[in-house]
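Peer 1: Quick one: sequence and predicted model below, then my questions.
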Amino acid sequence: MSAVTDNKPKARWGAVLAPVLIDLVVPLLIFYGLRRAGVGVVGATLTGSVIPVVRTAYSLVRGAKVDWLAIFMISALALGTIASLAMDSPRMLLAKDGVITALCGFWMLGTLLAGKPLLLSIGRGIAEAKRGKGGGEIWASRWDTEPRFRYGLRLITAVWGVGLVLDAVVRVVIAYTLPLDAVPGVTTAQWIALFVVLYGFMIVYSRKNDLLA
């Protein structure tokens, strides 16, 4: 009798970590490298922020479907940058990421009021990537038949939404209280810490309650 082979897709950690490194670490290295070279705070911040914009635009162009989240991120970054430059405010420029995370948080909370949480569509996309369109439909169909499934997705979405709003408050406070050169490093560190907490909660809770896509 032959052993059963586990055909579940393996997590591709490179694909998971690459966007994090590009969006967080690379801009931070660029900022402090340019500051050491004598570039001003505004110039160093804008140069570093080009990297995540280019990555997001590339993923948008490459995708087969319209990625509204990517469009939202690029639009928010552009509007925040324009407003900061118009008001000649380096601190506003550093705080703009907090405004973006707040909007993302309120968006997630808004999907709860709209009826179906954002995590349902995200989870369906993950399930489709792992098991094909049929697998995504099977996973998402649990929403219609399992009250515990609905509760779990609502809870995780609410936790992420509240977490992102709180992150925004902390980012803005840091941007307007700490020395300018300290802000990017501190906000990046606090975001990584928050992400680990939120993502860890999501994985542990999802595994315990059979919610993984």
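Peer 2: Noted; the coordinates are in hand. Residues are numbered from 1 along each chain as shown.
Peer 1: and residue 173, how far is that from residue 42?
Peer 2: 20 Å (CB to CB, to the nearest Å). From N, CA and C alone the C-beta is placed, and that goes for glycine too.
Peer 1: neighbour count winner among those two?
Peer 2: residue 42 (17 against 12; other CB atoms under 10 Å).
Peer 1: which residue packs closest to the more buried one, ignoring adjacent ones?
Peer 2: residue 90 (5.3 Å; CB to CB, 6 or more residues apart in numbering).
Peer 1: isn't the one you found right next to residue 46, touching?
Peer 2: No: in this structure residue 90 lies outside contact range of residue 46 using CB atoms under 8 Å: 10.3 Å.
Peer 1: Please give me every residue in contact with the residue nearest to residue 116 when sequence neighbours are not counted.
Peer 2: Nearest in space to residue 116, with sequence neighbours left out and distances taken as CB to CB, 6+ apart, is residue 143 at 7.1 Å. Residues near residue 143 by CB atoms under 8 Å, 6 or more residues apart in numbering: 116, 120, 149-150, 153.
Peer 1: Equivalent analysis for residue 169, please.
Peer 2: So residue 169 contacts 98, 102 (CB under 8 Å, 6+ apart).
Peer 1: Kindly report the same for residue 105.
Peer 2: 160-168.
Peer 1: Can you give the contact residues for stretch 183-201?
Peer 2: So stretch 183-201 is contacted by 24-25, 27-28, 31-32, 45, 48, 91, 94, 97-98, 156, 159-160, 163, 166-167, 170-171, 174-175, 178 (CB under 8 Å, 6+ apart).
Peer 1: before we move on, the earlier item: write a PyMOL command that selects only the buried members of the contacts of residue 105.
Peer 2: To isolate the buried ones among these in PyMOL, judged by 16 or more other CB atoms under 10 Å, type:
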select buried, resi 160+161+163+164+165+167+168
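Peer 1: Sort out for me which of the contacts of residue 105 are in helices.
Peer 2: In helices, defined here by DSSP state H, the members of the contacts of residue 105 are 160-168.
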